[in-house]
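> my questions are about this predicted structure, shown below with the sequence.
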Protein chains: 2
Amino acid sequence: MSAFKPSKRQSAILNMVARDGFVATEAMVAEFGVTPQTIRRDLNELGQEGLLTRFHGGAGQAKSGENLPYADRLRSGVQAKQKIAEMTASLIPDGSSLFLNTGTTTEAIAQALLRHKNLHVVTNNINVARYLSQNDTFQIMLAGGQVRNHDGGVTGAGAADFIDSFRMDIGILGVSGIDEDGSLLEFDPAEIRSAQSVLRNSRKVILVADQHKFGRRAMNRMGDLLDVDIVVTDAPLPISFEKTCGKAGVEIRVAGSAKR
Amino acid sequence: MSAFKPSKRQSAILNMVARDGFVATEAMVAEFGVTPQTIRRDLNELGQEGLLTRFHGGAGQAKSGENLPYADRLRSGVQAKQKIAEMTASLIPDGSSLFLNTGTTTEAIAQALLRHKNLHVVTNNINVARYLSQNDTFQIMLAGGQVRNHDGGVTGAGAADFIDSFRMDIGILGVSGIDEDGSLLEFDPAEIRSAQSVLRNSRKVILVADQHKFGRRAMNRMGDLLDVDIVVTDAPLPISFEKTCGKAGVEIRVAGSAKR
DNA sequence: TAGGTAATGTTCGAATTAGAAAATTTATGA
DNA sequence: TCATAAATTTTCTAATTCGAACATTACCTA
């Protein structure tokens, strides 16, 4: 029972490849929860279409050629996160206290925040902590616990308790997926408790999610759109989600829609 | 034979990786006219320095947010730390549980440990955690608390308590200085309690210190040479320290004296 | 010249990945 | 409900890559 349709998964693969330059087969197996054989089939198909290049052990970006229009449409990963990160950063005043959880989007936000001053940040992600530590005016609190090797997230009961000991102005949450009924979903159950602590202890909650997250399924429910104040994304939402947000009283901000 | 010196070839490899995102081992073999094994040696070295990421079948760009290795390399005493790191790593069996505290030397050790397997590591340093997380067979526990911006150390009462909840085979300690009477010294008082927890909870304690640490003064006393089992350093110790170690029953290992 | 060292090549067993084919599950429409 | 097609897993074998140990080469220097 995979949470991805084949076409969805294939475009997600293209996004990963576009973002990282090279993705190992095993990494995709872990990401999508399918068999290596299935990933190889995908890679062979995408490779035949010239959308990526196969390597022993994974796949990398396609050699520059034609086809790029289509590929570009499917791979908006990095730019999308960048736009989301910049808009989110613009919502944060200097001197705020805030929380950042795990995810590539929140890592992008950490980078975008480096120009701010005197932020107090609580996080459970060692990459976020490391980025932010470059700014001497920041005070960074990192939750302790077991480190998830592939993404640098810190998990465990202690991490959630640690977060519970703070009360923050703003909580910034990344998620694995959002269901149509407004459920916020995560792949990793270990992340749930930390995220819930953030929801509880933030005066204002900002949810960051690129367009592919909407409708994407994941096993664990961490919360509900009702708990969120602002959603920052990179493209107009499907109507069903707009309705859900409207009911929940959630403000939607589409990054890069005005300019670019 | 080969038209490239090793250093030339390695920087050429970095260029290829930077340009293409991912380069297959075979492609480099063809490019440089050397054996796959030679390429692998290069890739392992560059990978350990964090300048690229190894994959099965080739190498790709370094994971997000690298540059510290460069800064590290420019710092003085890198070679000494490297030698100490390699010798220390050789003292650690696969599958051990160990502790690593804060300091540039312990960060070098973290890199040197990447080829080990199934280590259980407890640390209060986010850089150590990040390096080690590249190895999927490691289980990493990171203490929580406030992050010291300039070196990535995690401090606070919670950090020491966190360490106290473990019992480890080996504790690896870096220090700011060592007094002639055998006192282990630290500049930052916030580091003291964590280090003492390590001394308490390690079955064997390895102290790592380059030659300049001996005789250097610092304000805070964290422990005594009596608590240490092995000292790893990079040059023969002054006689006064040899005597102190002898009395304390401490084994001294000088890295790089026998081989290399 | 003899010894030492750094770099590379060779060899080989172990580990990883690929691919083909069959079995199973899932989705869909009559 | 059943039949059918699509998607995925399973299973097995072949191909590739890896790492360690040892041999070789080139070069330096005492």
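Noted; the coordinates are in hand. Since this is a predicted model, take the numbers as computed values, not measurements.
> phi, psi for A:E31 please.
When read as degrees, to the nearest 10, the backbone of A:E31 gives phi -70, psi -40.
> run a quick neighbour tally on it.
A total of 18 residues lie near A:E31 under the criterion other CB atoms under 10 Å in any protein chain shown. Glycine gets a C-beta too; all of them are placed from N, C-alpha and C.
> test my guess that it contacts A:V17.
No: between A:E31 and A:V17 no contact is recorded; they are 11.8 Å apart, counting by CB atoms under 8 Å.
> okay, and the beta partners of A:L184?
Each beta-bridge partner of A:L184 is listed here, defined by DSSP bridges: A:I178, A:G223.
> for chain B, what's its nearest residue on chain A.
With CB to the nearest CB as the measure, A:G144 is the residue of chain A nearest to chain B, at 2.6 Å.
> residues contacting the closest residue to that residue other than its chain neighbours?
In space, A:G144 comes closest to B:G144 once its chain neighbours are excluded; the distance is 2.6 Å by CB to CB, 6 or more residues apart in numbering or on different chains. Remark: with contacts taken as CB atoms under 8 Å, 6 or more residues apart in numbering or on different chains, B:G144 is in contact with A:141-145, A:154, A:158-159, A:162, B:154, B:156, B:158-159, B:162.
> tell me, how many residues neighbour the closest residue to A:I192 other than its chain neighbours?
In space, and not counting its chain neighbours, A:I192 is closest to A:M222: 4.9 Å by CB to CB, 6+ apart. By the criterion of other CB under 10 Å, A:M222 has 23 neighbours.
> quick check, A:R203 in contact with A:L98.
No: A:R203 sits out of contact with A:L98 when judged by CB under 8 Å, with a separation of 10.0 Å.
> helix or strand: which one has the residue in the stretch 101-250 of chain A that DNA strand C sits nearest to?
With distances taken as CB to the nearest atom of the strand, the stretch 101-250 of chain A approaches DNA strand C most closely at A:R217, which sits 10.6 Å away. When secondary structure is defined by DSSP states H and E, A:R217 falls outside every helix and strand.
> pLDDT value on it, please?
The predicted local confidence for A:R217 comes out at a pLDDT of 75.
> please parse chain A into its domains.
Chain A breaks down into these structural domains: A:6-74, A:77-254 (assignment by automatic domain parsing).
> what about A:R203 and A:L98, which has more around it?
The residue with more neighbours, out of A:R203 and A:L98 and counting by other CB under 10 Å, is A:L98; that gives 23 against 11.
> circling back: tell me the contacts of the residue nearest to A:I192?
Per CB under 8 Å, 6+ apart, neighbours of A:M222: A:175, A:184-186, A:191-192, A:195-196, A:199.
> where's it relative to A:A24, distance?
Remark: distance between A:M222 and A:A24 (CB to CB, to the nearest Å) = 27 Å.
> ok, now A:K8?
A:K8 is 20 Å from A:A24, where distance means CB to CB.
> who has more neighbours out of the two?
Legend: neighbour count by other CB under 10 Å for A:K8 and A:A24, higher for A:A24 (19 against 16).
> what are the boundaries of the helices in chain A?
A:6-20, A:25-32, A:36-48, A:68-74, A:77-90, A:104-112, A:126-132, A:157-164, A:192-201, A:239-248 (DSSP state H).
> give me whichever of those is most buried.
By mean neighbour count, with neighbours taken as mean count of other CB atoms under 10 Å in any protein chain shown, helix A:126-132 ranks first of these at a mean of 26.
> who touches it?
Under the criterion CB under 8 Å, 6+ apart, residues A:100, A:106-107, A:110-111, A:113-114, A:119, A:121, A:123, A:138, A:140, A:142, A:147, A:151-154, B:64-65, B:126-127, B:129-130, B:133, B:142, B:147, B:152 lie in contact with helix A:126-132.
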